[in-house]
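Q: sequence and predicted structure, then a few things I'm wondering about:
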Protein chains: 2
Amino acid sequence: MKKYAIIVAGGTGSRMGTEVPKQFLLLAGKPVLMHTIDAFSRFEPEIKIIVVLHPNFYDHWHKLCADHNFSIKHVLAQGGAMRYHSVKNGLELIDSDGLVAVHDAARPLISFALINRLFSEAITQGSAIPALPVTDTIRTIEGGRVHIVDRTFLRTIQTPQVFRIGLLKEAYDQPYQNSFTDDAAVLEALGKTIHLTDGEPQNIKITHPVDLLFAEAFLNGKASDISRSV
Amino acid sequence: MKKYAIIVAGGTGSRMGTEVPKQFLLLAGKPVLMHTIDAFSRFEPEIKIIVVLHPNFYDHWHKLCADHNFSIKHVLAQGGAMRYHSVKNGLELIDSDGLVAVHDAARPLISFALINRLFSEAITQGSAIPALPVTDTIRTIEGGRVHIVDRTFLRTIQTPQVFRIGLLKEAYDQPYQNSFTDDAAVLEALGKTIHLTDGEPQNIKITHPVDLLFAEAFLNGKASDISRSV
């Protein structure tokens, strides 16, 4: 079955307090986005990779690819106003059947094993959405009133979210809604049930500067595992 | 104003997949719990520190203190069945007025600045609870049905949670309820409003093995900042 990955690199750098959007920040000497692309290419060298990026950053990205001798094949799609529009633009470049993983560029630590499991489960289930139990206490704050939420029932949702292409395209035919913070939500708006499966703790989203430090430690740790096993 | 810290070390090691409860795992060569105690002692050497630990681990802890020449003064309180009981046992060792910080032993990266701000705000507000916006998508899963939650209104709650002692004692006079997953919840059950303030991203709870790696990277990063500034 044909496989695609849409990697959404929408960040503009505001939350990181940096000028550079987080997908371009250097992690172990290489832009975050390259690590993310690498992960999918390692999983399956034949996978079709679509990177969604705001056109303002195309030149910058091409320069980065040249500087880092980055040669993994991918096509660019145009970043939109919201995540929904970005993914929709990516989907429009796909004209065959198969499976598509939609992934945050800012999650560079995704493992081979998780990508593999998500694609496998999506074949039979239609979708596969990685989720983890919430370990912190969570509260809602609305109009100055604070309420605790029973975290037993809460799950942190990660990416990649993998779907049968036809199903996701049908979902993305719906007009934009504010509740579309991830792709599973677009599917749910169609009345479809999504399939949750275990995510992984290492698969963090680079959001704050300290997360880069965490990610670098993880990559160094993995490198030393590899050198120890040689 | 007199200051106390109740450090709750209730972990039994199940989620980490280790035999050793997470508060005793080595982080940069020293048990996690010692880092946590250090943070409060650095903030104010005169602070009264109460460590709540299951009595089964008292001997182990004393041995660790001897092995690591750990000399920061603290008293032990008896760990209970649930977090509520542990904190209540800690509170019973306090007989004066003032402020008390209740903190997870498994959050060793707490900064001086955050502890300081929480104590300051609790003087005027009665309580100070560190909270951060939720950056991941969150879903509820109940009876097989999955619903997305509007994350705009969600906050991840951290510790330390700082309170006026009289207020927290009054709250802990209430009998145990299942909803008491943190101390703020005990206060809310009294009908009191809690005061949320900004937490910090580095203040992670060591939950999964990868978190130890993250924490070590953070401590190493801080150490190299210090050596660079000398």
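A: Looks like it came in fine. Residues are numbered from 1 along each chain as shown, chains lettered A, B, ... in the order given.
Q: residues contacting the residue in chain A positioned nearest to chain B?
A: For chain A and chain B, the shortest gap (C-beta to the nearest C-beta) falls at A:Ala217, measuring 3.1 Å. From N, CA and C alone the C-beta is placed, and that goes for glycine too. For A:Ala217, the set of contacting residues under the criterion of C-beta atoms under 8 Å, 6 or more residues apart in numbering or on different chains consists of B:Leu213, B:Phe214, B:Glu216, B:Ala217, B:Asn220.
Q: the first one: helix or strand, and which one exactly?
A: Under DSSP states H and E, the secondary-structure element containing B:Leu213 is helix B:209-229.
Q: helices of chain A, start to end?
A: Read by DSSP state H, chain A holds these helices, from start to end of the chain: A:32-43, A:58-67, A:83-91, A:112-125, A:165-172, A:183-189, A:209-229.
Q: in chain A, where is pLDDT below threshold?
A: Using pLDDT under 70 as the threshold, the predicted model of chain A has low-confidence ranges A:11-19, A:222-230.
Q: so of the helices of chain A, which one's packed in deepest?
A: Relative to the other members of the helices of chain A, helix A:183-189 carries the highest mean neighbour count by mean count of other C-beta atoms under 10 Å in any protein chain shown, namely a mean of 24.
Q: what packs against that helix?
A: The criterion is 3 or more C-beta pairs under 8 Å, 6 or more residues apart in numbering or on different chains; DSSP states H and E, and the helices and strands that helix A:183-189 contacts are helix A:83-91, strand A:127-133, strand A:161-164, helix A:165-172, strand B:137-142, strand B:145-149.
Q: so for the second one, what gets flagged as buried?
A: For strand A:127-133, the buried set under the neighbour-count rule, 16 or more other C-beta atoms under 10 Å in any protein chain shown, comprises A:Ser127, A:Ala128, A:Ile129, A:Pro130, A:Ala131, A:Leu132.
Q: can you tell me which of these are up against chain B?
A: A:Ala131 (C-beta under 8 Å from any C-beta of the partner chain).
Q: what's the burial count for A:Gln161?
A: 29 (other C-beta atoms under 10 Å in any protein chain shown).
Q: same check, this time on A:Thr140
A: Burial of A:Thr140, expressed as a neighbour count using other C-beta under 10 Å, amounts to 16.
Q: do the one 4 residues further on as well
A: Residues within reach of A:Gly144, counting by other C-beta under 10 Å, total 6.
Q: same thing with A:His54?
A: Neighbour count of A:His54, defined by other C-beta under 10 Å: 17.
Q: got the contact list for the nearest residue to it once chain neighbours are set aside?
A: Setting aside the residues directly before and after it, A:His54 is nearest to A:Gly79 in space (C-beta to C-beta, 6 or more residues apart in numbering or on different chains), at 3.9 Å. Contact partners of A:Gly79, counting by C-beta under 8 Å, 6+ apart, are A:Val8, A:Ala9, A:Gly10, A:Val52, A:Leu53, A:His54, A:Pro55, A:Phe57, A:His85, A:Ser86, A:Asn89.
Q: again with A:Ala113
A: If a contact means C-beta under 8 Å, 6+ apart, then A:Ala113 has no contacts.
Q: the one 3 residues further on too?
A: A:Asn116 is in contact with A:Phe43, counting by C-beta under 8 Å, 6+ apart.
Q: ok, 10 Å please
A: Contacts here follow C-beta atoms under 10 Å, 6 or more residues apart in numbering or on different chains; on that basis A:Asn116 touches A:Phe43, A:Glu44.
Q: and the residue nearest to A:Ser179 when sequence neighbours are not counted, how far from A:Pro108?
A: Once its chain neighbours are removed from consideration, A:Ser179 has its nearest residue in A:Ala185; the separation is 5.7 Å (C-beta to C-beta, 6+ apart). Relative to A:Pro108, A:Ala185 is positioned 23 Å away (C-beta to C-beta, to the nearest Å).
Q: that older thread, next, format the contacts of A:Gly79 as CSV and append distance to A:Tyr172.
A: Putting the contacts of A:Gly79 into CSV (distance: C-beta to C-beta, whole Å) gives the following:
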residue, distance to A:Tyr172
A:Val8, 13
A:Ala9, 18
A:Gly10, 16
A:Val52, 13
A:Leu53, 19
A:His54, 19
A:Pro55, 20
A:Phe57, 23
A:His85, 10
A:Ser86, 11
A:Asn89, 10
